[in-house]
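> After the sequence you'll find the predicted model.
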Amino acid sequence: MRLLLDTCTFLWLYIDNGKLSKAAAAAFLHPENERFLSAVSAWEISAKYSLGKLQLPRSPEYYISESREKSGVESLPLDEESALQCGRLPRLHSDPFDRMLIAQAMVHGLVIVTPDEAIERYAIRVLW
């Protein structure tokens with residue numbers, strides 16, 4: 001399975017707060033699954049960090065890449081096709097970061113790992 005980690009899912013992987021579901025944790029740890037973090041999530045993390053809405057043990061420049069590399073998560077760049085797909089999405093979800101993740105999941109055939117029930121209203125696979 002090819003997994004696209006929602007921003008909160010990525011953050012919860014490294015914070016033992018009990019918010020990560022058992023199914024999400026099992027899918028993340030399964031050796032045959034590919035794991036991706038979108039550049040959009042890196043943007044969201046950086047934005048929230050710079051506004052003081054997110055605390056991290058290190059700045060996003062280090063925290064994101066170190067966490068990804070440590071756990072075998074690949075970076076997923078934002079591509080033109082996904083950006084255009086985002087504009088075609090129905091307005092079922094208002095968060096621009098989540099809408100772009102939804103578009104990337106559609107374009108790249110990824111399963112989004114997220115607790116966000118609003119994302120389930122789109123024609124994509126969601127795991128939680």
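Received the coordinates, thanks.

> any idea how far the residue sitting nearest the centre point of the chain is from residue 80?
With the centre of the chain defined as its mean C-alpha position, the nearest residue by Cα atoms, centre = their mean is residue 6, 2.4 Å away. Noted for residue 6: a distance of 22 Å to residue 80, by Cβ to Cβ, to the nearest Å. To be clear about C-beta, it is placed using only N, CA and C from the backbone, and glycine gets the same treatment.

> who touches the spatially closest residue to residue 104 that is not a sequence neighbour in this structure?
Of all residues not flanking residue 104 in the chain, residue 82 sits nearest, at 4.5 Å (Cβ to Cβ, 6 or more residues apart in numbering). Residues near residue 82 by Cβ atoms under 8 Å, 6 or more residues apart in numbering: 100, 103-104, 106-108.

> Which strand or helix spans residue 82?
In the assignment (DSSP states H and E), residue 82 maps to helix 80-88.

> After that helix, which helix or strand is next? Please name it.
Going down the chain from helix 80-88, the next helix or strand is helix 96-108, by DSSP H and E.

> In the chain, what residue spans correspond to strands?
Along the chain, counting by DSSP state E, strands occupy 2-5, 34-38, 73-76, 111-113, 126-127.

> The longest one to helix 80-88, inter-axis angle?
Orientation note: strand 34-38 sits at an angle of 70 degrees relative to helix 80-88 (axes from the mean of the first three to the mean of the last three Cα atoms, to 10 degrees).

> now strand 34-38, how far from the chain's geometric center?
Taking Cα atoms, centre = their mean, to the nearest Å, one finds strand 34-38 lying 7 Å from the centre of the chain it belongs to.

> Could I get the CA-only coordinates of it as CSV?
Extracted C-alpha coordinates of strand 34-38, given in CSV (Å, rounded to 0.1, in the frame of the first residue of the first chain):
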residue,chain,number,x,y,z
GLU,A,34,5.5,2.9,1.1
ARG,A,35,5.1,6.0,3.2
PHE,A,36,5.0,9.6,1.9
LEU,A,37,4.9,13.1,3.5
SER,A,38,3.8,15.8,1.1
